[in-house]
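>>> Show me the folded form of this:
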Amino acid sequence: MRNKFFVILSILIFSLTACQNNVVYKQTKDINQAVWHRDSIVNLQFKPQDTVQAYNLFFLIRNDNRYPYANIFLIAKMENRHQKIIDTLEYAMADEKGNWLGTGIWDLKESKLVYKKNYRFKDTLPVTISVGHAVRKTGQILGDETLPGIKTVGIIIEKAQQ
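I've put the predicted structure just below:
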């Protein structure tokens, strides 16, 4: 029985670390009291190591059951001294039955949301990636001032598989 436990634990640890092999950068910011204010832009910094390697960029969002929507809209800006890219992005956070799409247990879910696939940085200057929310109720012109239930916002950068 004890040997089975260690075998299962070893497999679990191996599978979790194997998934992390391509990660070259990960940074997260906790949201104060899990209420994301629309003026609270999350700024994340990354220094690319080369311009030949392609990368996959993901946003990481952790939410709890207080999050009131099935989707989320983000305004993302990636810039350095030579370039600025601004994107408006929409991601599903729940399925049509209201079940959260992220991974996790109980009411805390983590969603890994694709931002850019096979992206090559133009140079090795430090890059700032800024992200804010732009969620609004149907029919409203102004966005929601706060988003309850958003606990963490971050970025993961992985080497793309060639």
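
>>> now the strands for the chain?
Along the chain, counting by DSSP state E, strands occupy 23-30, 35-37, 42-46, 55-63, 71-79, 84-92, 109-119, 127-133, 146-148, 150-159.

>>> So what touches the third one?
It refers to strand 42-46. With CB atoms under 8 Å, 6 or more residues apart in numbering as the test, strand 42-46 has contacts from 25, 27, 29, 126-132, 153-155, 157. C-beta here means a position set from N, CA and C on the backbone, and glycine is covered the same way.

>>> Pull out the buried members of those residues.
Using 16 or more other CB atoms under 10 Å as the burial test, these include 25, 27, 127, 129, 131, 132, 153, 154, 155, 157 as buried.

>>> closest to residue 78 among those residues?
Using CB to CB, the shortest approach to residue 78 within those belongs to residue 129, at 5.0 Å.

>>> For the closest one, give me its contacts.
43, 44, 45, 46, 57, 76, 77, 78, 155.

>>> and residue 151, how many residues sit next to it?
Residues contacting residue 151 under the criterion other CB atoms under 10 Å number 20.

>>> now the protein, which segments are flagged as low pLDDT?
1-20 (pLDDT under 70).

>>> Spit out the contact partners of residue 162.
So residue 162 contacts residue 54 (CB under 8 Å, 6+ apart).

>>> what's the spacing between it and residue 55?
11 Å (CB to CB, to the nearest Å).

>>> Buried among the contacts of residue 129? Need that as a selection in ChimeraX.
Remark: buried members of the contacts of residue 129, expressed as a ChimeraX selection using 16+ other CB under 10 Å:
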select :44,46,57,76,78,155
